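In: Here you go, sequence then predicted model.
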Amino acid sequence: MASTSADMDPDVARRLFEEGATLVLLGVPQGTELGIDCKSWQVGPRFRGVKMIPPGLHFLHYCSVNPPSCGGETGPKTGLFLTLKPREILLASWDPKEEDLDFSASKNEDEVNRTRANLRDLDPYLGPYPYEVMRKWVSLTDRVTEEVATKLQPLSGRVCAFSDVVPESQFRHSRDRAEHPRNDTACQSMREGLERLPRMKQREGTELRFSDIPQKTYPPGATPAEITQCSMDLSYALETVLEKNHKLQPLNLLGELQFAFVCFLIGDVYEGFEHWKQLLALLCHSEDAIQKHKELYLGLITVLYHQLGEIPPDFFVDIVSQNNFLTSTLQDFFQFACGPGVDGTLRKRAEKFKAHLTKKFRWDFDVDLDDCAPVVVELPEGVTVD
């Protein structure tokens, strides 16, 4: 890790030196990919941690790397959200068996005090927090409070790029194994082969705890007309999510949207992207809610402005633009947000955001997406196409 950025204001550097938190990370193997928030490095031989970390929420992430003699492959990314206090010291040591950081030493007050007393000796081995990414990090997580992060992250405290799965059935007894399909004969079909595989489930405590998006978007006992209306306007489903998960603080739903985005963008968790898409679709297709929840939707525009500004341009081609997801979703949002009955401030902000996206990404939100569908051309009788 490099020394303190020469571009950092001296007053800021001094304040961070005095008030910043410190992560002391001992025994991390050389070559490990390790980062905090929006930046990562390869660990060198002298690395012992990170200093001058601004107080608040941060995302520490790392990937174990095999030595060159063993191929040098990089393992899946692991991350954890930390809420750091001014001058706080967190201690962790690398567990080579688990290939993970063990923070149990942070619970030992005597050990923490000894480390604090030896900080001057440790200082040459501590890399400074990459302050140049601080503005970007805050713009991506300003709605993610400690409460939101604690509620959403796995009980294990680790956000893992690859799910930790175990068999649904343990087959502890011979009778259980005897009843399971045998694997010593050839499969007659792909389906038979898949059926022979043990059913897997995510290890308890490792699941991200996102809000459940209701599959039924209409209330119990709804008439056919109400079902149709609630399928076109998802406000009932959105209100259900808010009532169940964010009743006291509806704006925390924006924190969940940011949390999911960071898990995907930085943590490499594809489930985060899927949940981000589901939440975005729910918010953008809720016409009545847009008129009711002014502050929620003003915040949504700001959140999306920063999120879309951080995605590489080719990302839209590869993932987001599949089936016109983002353009069609935002097209509906702009249609509702610029309609009658919407607060004037929200309407102006939506129009400005629409113009920004049109200019930056050359998206046309006014075109009828149905016009982009394949057109069936009837040829004159007797004419064929080779």
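Out: Here it is on my side, so go on.

In: Look up how far residue 268 lies from residue 84.
Out: Plainly put, residue 84 is 23 Å away from residue 268 if you go by Cβ to Cβ, to the nearest Å. All C-beta spots, glycine's among them, are computed from the backbone N, C-alpha and C.

In: and what of residue 360?
Out: 25 Å.

In: Of these two, which one has the most company?
Out: Neighbour count, other Cβ atoms under 10 Å: between residue 360 and residue 268, residue 268 has more, with 19 against 11.

In: gap between whichever helix or strand residue 18 is part of and the chain center?
Out: Assigned by DSSP states H and E, residue 18 belongs to helix 10-19. The chain centre lies 30 Å from the centre of helix 10-19; the measure is Cα atoms, centre = their mean, to the nearest Å.

In: again, but for stretch 258-272
Out: On Cα atoms, centre = their mean, the centre of stretch 258-272 falls 2 Å from the chain's centre.

In: Just the mean pLDDT for it, thanks.
Out: For stretch 258-272, mean pLDDT rounds to 96.

In: Residue 80 belongs to a strand?
Out: Yes - assigned with DSSP: H, G, I helix; E, B strand; the rest coil, residue 80 falls within a strand.

In: need the contact list for it.
Out: 59-61, 153, 157-159 (Cβ atoms under 8 Å, 6 or more residues apart in numbering).

In: My read is that residue 244 contacts residue 237, right?
Out: No - at 10.8 Å, residue 244 does not count as touching residue 237 under the criterion of Cβ atoms under 8 Å.

In: Between these two, tell me which one has more neighbours.
Out: Taking other Cβ under 10 Å, residue 244 and residue 237 do not tie; residue 237 has more neighbours (22 against 11).

In: Please, which helix or strand holds that one?
Out: Assigned by DSSP H and E, residue 237 falls in helix 235-245.

In: Please enumerate residues in contact with stretch 25-37?
Out: 23, 40-45, 47-50, 53, 58-65, 67, 72, 74, 77, 91-94, 96, 101, 129-130, 133-134, 137, 266.

In: which parts of that stretch are buried?
Out: Using 16 or more other Cβ atoms under 10 Å as the test for burial, stretch 25-37 gives 25-26, 28, 31-37.

In: same deal with stretch 12-28?
Out: For stretch 12-28, using 16+ other Cβ under 10 Å, the buried residues are 13, 16, 20-26, 28.

In: Among the residues you listed, which lie within strands?
Out: 21-26 (DSSP state E).

In: related to what we said a few turns ago, so which of the contacts of residue 80 comes closest to residue 125?
Out: residue 60 (17.3 Å; Cβ to Cβ).

In: these two touch, right, that closest one and residue 84?
Out: No - the criterion here is Cβ under 8 Å, and residue 60 misses it with residue 84 at 10.0 Å.

In: Tell me which residue is most central in this structure.
Out: residue 263 (2.4 Å; Cα atoms, centre = their mean).

In: which SSE is that residue in?
Out: Per DSSP H and E: helix 252-265 holds residue 263.

In: quick one: that helix to helix 235-245, angle?
Out: For helix 252-265 against helix 235-245, the angle by axes from the mean of the first three to the mean of the last three Cα atoms, to 10 degrees is 90 degrees.

In: buried ones in stretch 354-365?
Out: Of all the residues in stretch 354-365, those buried under the rule 16+ other Cβ under 10 Å are 354, 357, 363, 365.

In: Tell me which helix or strand the closest residue to the last one other than its chain neighbours sits in.
Out: Which is residue 365. Nearest residue to residue 365, sequence neighbours excluded (Cβ to Cβ, 6 or more residues apart in numbering): residue 331, at 4.7 Å. Secondary structure from DSSP H and E places residue 331 in helix 325-337.
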